[in-house]
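Enquirer: sequence and computational prediction follow.
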Amino acid sequence: MRAGGKLGRDVETAPASSPGLPVRRTAYALVYLASLALFGRELARFRDAQTGLSSLILFGDHFAPRRLPQLADVPLYTYAHSDGYDGQFYAQMAVAGNPFDPALARALDAPAYRERRILVPLAVHLLALGRPAAIVQLFALANVICLALLAALLARWWFPPGDLGNLLRWAGVVFSAGMVVSTTRSLIDGPALLLLAVAARQLERGRHRPAAVLLALAGLARETSLLAAGAFWTPGQTPAERRRALGATVVAAGPALGWALLLTSHFQHLGGLRNLAGPFAALPDKGRALGAAWRAHGFDRALRGELLVLLALAVQIGFFVARRHHRDLWWRLGAAFALFAPFLGAPVWEGFPSAAARALLPLSLAFNRLAPRSRRGLALLVAGNLGLLAVPDLLGSITPSEQVAFVGGVRTHYQDGWLVPEHAGRDTWRWSSRSASLALDNPGPAPRSATLDFQLRSVTARTVAVAVGDAPPRRLALAADRPLAVHLGPLPLPAGRTEMVFSTDAPPWSEPGPTGRPLAFSLHRFFVSVAPEP
């Protein structure tokens, strides 16, 4: 009997003779494409002139001193006063290529844990031919490519354009909270889901061997993907079918298990970040955290987004608990992750966005594949995809950062005269009331050749003098409310600290509103480019 049974026949189609069918399909296809284009436009905003798409990886300056030496001369968008996010560790695995590189063990927060997920970093390393700068950019694009491929496959296999239900199912996977977070933080969850989806398609067609191989790859991308191996097993299997299921399970789980054992032998421990806990042990802490956030900040963007994602996950989990169809491969796949959800540890549920939606991405795929195609099922579908309403909040959860860490370990320190950093969109700036200074720190023993790029803006026309070290000041004429792009250098940056002073003789203007701050000029997107050491 073909695995999956009637699953291949549950896609709604209009009668072939319907005159409006081609028009409706075209209209929905355009909606699919438009939504992808809009999402792509949002991702394009992350591109930076100096650092490309590295802002999608979320390198944090707290981990900057531990970065791989291979990245010393690669311009990276670094989030100030931040730990960054997990993508910075997987990207460095890709740069290293060798998972047992001693420098990599220092760069990673949890080497034995991170390196279990070797597939995507290794693939990017090979595709980029081991070149660090190219690896960083390709790693930032890996999730974008996987999202586009998944979108195309879902539209071809299971959710073709043509009706509202399929649009919801398609969007509920492609723009689920887990996929959006994985894409905007360059994680491994999106690529793992793509491999799992292709494996499930092979299993639908009764092709156990390719399904097992693809699931093995998904397990090397993210080990929890192997929970989907439960789909190989069906109640009432004959002895021959049980042997086939056992063989497929061994093929699927063998590489990830063998790799984990090798890492355990090398690092002398299994590794982990308390991501697993007893059943429901982490949920009381999550409830208290949500309550505290409500009391402290009200119903703000983060709380609203997190509640929508949690409600959607609760609906999906409840669906698989309430509906038991053990002979349906999609039920078996979804139920495995629904049963896994209570065992997620506190770190997985922390903050917004929490990692729970990423950990349970296959659950979202199985839910949208299996939700009933009826009017009542449409209501269930909407409830299970409430996370779609959180997409703007998820995109807005990554705030831009002023750059303080640069190539060669050079850092900037904002000193006297600057107000707190501000941002709008992907732009960042600081205001000064009349004069201000910042320090450029070169930690090396020798001078470096550097260029400085930034923008200055003033509401009123004025002249701003900029002096770097002992060099004569450069006088810059600012037109009213028009940004001026400035490029200084190349200039020598000696070892130690160099002072950079901004000053103006024109009086400040008073900001309208209750604060009435005196403001003279603002400094935008300050960036230091340092030439590689000879």
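Expert: Received it, and whenever you're ready, just let me know what you need.

Enquirer: how long is stretch 224-232 from one end to the other?
Expert: One end of stretch 224-232 to the other measures 16 Å (C-alpha to C-alpha, to the nearest Å).

Enquirer: pLDDT on that stretch, on average?
Expert: For stretch 224-232, mean pLDDT rounds to 96.

Enquirer: what does that stretch rub up against?
Expert: Residues outside stretch 224-232 that contact it (C-beta atoms under 8 Å, 6 or more residues apart in numbering): 3, 192, 195-196, 199-200, 203, 208, 211-212, 215, 218-219, 244-245, 248-249, 252-253, 256, 329-330, 332-333, 335-337, 340, 359, 362. Placement of C-beta: from N, CA and C, glycine included.

Enquirer: now with 6 Å, please.
Expert: The contact list for stretch 224-232 (C-beta atoms under 6 Å, 6 or more residues apart in numbering) reads 192, 196, 203, 218-219, 245, 248-249, 252-253, 329, 332-333, 336-337, 340.

Enquirer: which of the residues you listed sit farthest apart?
Expert: Longest distance between any two of the contacts of stretch 224-232 is 21.9 Å, between Ala192 and Ala245; criterion C-beta to C-beta.

Enquirer: the more surrounded of the two?
Expert: Under the criterion of other C-beta atoms under 10 Å, the comparison of Ala192 against Ala245 puts Ala192 first, with 27 against 20.

Enquirer: got any ranges where the chain has weak pLDDT?
Expert: Within the chain, the stretches with pLDDT under 70 are 1-20, 534.

Enquirer: can you list the domains in it?
Expert: Domains of the chain are assigned by automatic domain parsing as 5-396, 407-530.

Enquirer: from these, which stretch is densest packed?
Expert: Stretch with highest mean neighbour count among the domains of the chain: domain 5-396 (a mean of 19; mean count of other C-beta atoms under 10 Å).

Enquirer: residues contacting the closest residue to Phe63 other than its chain neighbours?
Expert: Closest residue to Phe63 apart from its sequence neighbours, by C-beta to C-beta, 6 or more residues apart in numbering: Gly84 at 6.0 Å. By C-beta under 6 Å, 6+ apart, the contact set of Gly84 is Leu58, Phe59, Gly60, Phe63.

Enquirer: okay, the second one and Gly178: tell me how far apart.
Expert: Which is Phe59. According to C-beta to C-beta, to the nearest Å, Phe59 stands 22 Å off from Gly178.

Enquirer: try the last one
Expert: With the distance defined as C-beta to C-beta, Phe63 ends up 24 Å from Gly178.

Enquirer: do Trp157 as well
Expert: Counting by C-beta to C-beta, the separation of Trp157 from Gly178 is 20 Å.

Enquirer: so where do the helices sit in the stretch 251-400 of the chain?
Expert: 283-297, 301-322, 329-340, 346-349, 356-359, 361-370, 375-384, 391-396 (DSSP state H, counting those that start in this stretch).

Enquirer: and the longest one, what does it pack onto?
Expert: So the one you mean is helix 301-322. Packing contacts for helix 301-322, counted by 3 or more C-beta pairs under 6 Å, 6 or more residues apart in numbering; DSSP states H and E, involve helix 329-340, helix 361-370, helix 375-384.

Enquirer: for the third one, same thing?
Expert: Helices and strands touching helix 329-340, by 3+ C-beta pairs under 6 Å, 6+ apart, are helix 301-322, helix 361-370.

Enquirer: got JSON lines for these, with distance to Ala277 too?
Expert: Shown next, in JSON lines, are the helices and strands packed on helix 329-340 (distance: least, C-beta to C-beta, whole Å):
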{"stretch": "helix 301-322", "distance to Ala277": "17"}
{"stretch": "helix 361-370", "distance to Ala277": "18"}
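
Enquirer: do you know which of those lies nearest Arg525?
Expert: Comparison of those against Arg525 by C-beta to C-beta identifies helix 301-322 as nearest, at 24.5 Å.

Enquirer: give me the contacts around that closest one.
Expert: Residues from elsewhere that reach helix 301-322 (C-beta under 6 Å, 6+ apart): 177, 293, 334-335, 338, 341, 352, 357, 363, 367, 383-384, 386-387, 389-390, 393.

Enquirer: repeat that with 8 Å
Expert: 177, 290, 293-294, 297, 331, 334-335, 338, 341, 352-354, 356-357, 360, 363-364, 366-367, 370-371, 380, 383-387, 389-390, 393-394, 396-397.

Enquirer: report the separation between Arg66 and Ala140.
Expert: For Arg66, the distance to Ala140 - C-beta to C-beta - is 20 Å.

Enquirer: go on, Gln237?
Expert: From Gln237 across to Ala140, the span is 44 Å (C-beta to C-beta).

Enquirer: what do you get for Ala467?
Expert: For Ala467, the distance to Ala140 equals 36 Å [C-beta to C-beta].

Enquirer: again with Pro121
Expert: 13 Å.

Enquirer: mutual contacts of the two, please.
Expert: By C-beta under 8 Å, 6+ apart, Pro121 and Ala140 have these common neighbours: Ala91.

Enquirer: coming back round to it: want to throw the contacts of Gly84 into JSON lines with distance to Tyr113 and secondary structure?
Expert: As requested, the contacts of Gly84 are exported to JSON lines (distance: C-beta to C-beta, whole Å; DSSP: H, G, I helix; E, B strand; the rest coil):
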{"residue": "Leu58", "distance to Tyr113": "18", "secondary structure": "coil"}
{"residue": "Phe59", "distance to Tyr113": "19", "secondary structure": "strand"}
{"residue": "Gly60", "distance to Tyr113": "18", "secondary structure": "strand"}
{"residue": "Phe63", "distance to Tyr113": "15", "secondary structure": "helix"}
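
Enquirer: of the residues you listed, which is the nearest to Tyr28?
Expert: Minimum distance to Tyr28 across the contacts of Gly84 is 34.4 Å, recorded for Leu58 (C-beta to C-beta).

Enquirer: distance check, the spatially closest residue to the closest one that is not a sequence neighbour against Ser354.
Expert: Excluding its sequence neighbours, the residue lying closest to Leu58 (C-beta to C-beta, 6+ apart) is Tyr85, at 3.8 Å. Separation of Tyr85 from Ser354 (C-beta to C-beta): 13 Å.

Enquirer: quick one, what contacts the residue nearest the centre of the chain?
Expert: Central residue of the chain (C-alpha atoms, centre = their mean): Arg185, 2.0 Å from the mean position. Going by C-beta under 8 Å, 6+ apart, Arg185 touches Leu56, Ile57, Leu58, Tyr85, Asp86, Gly87, Ile398.
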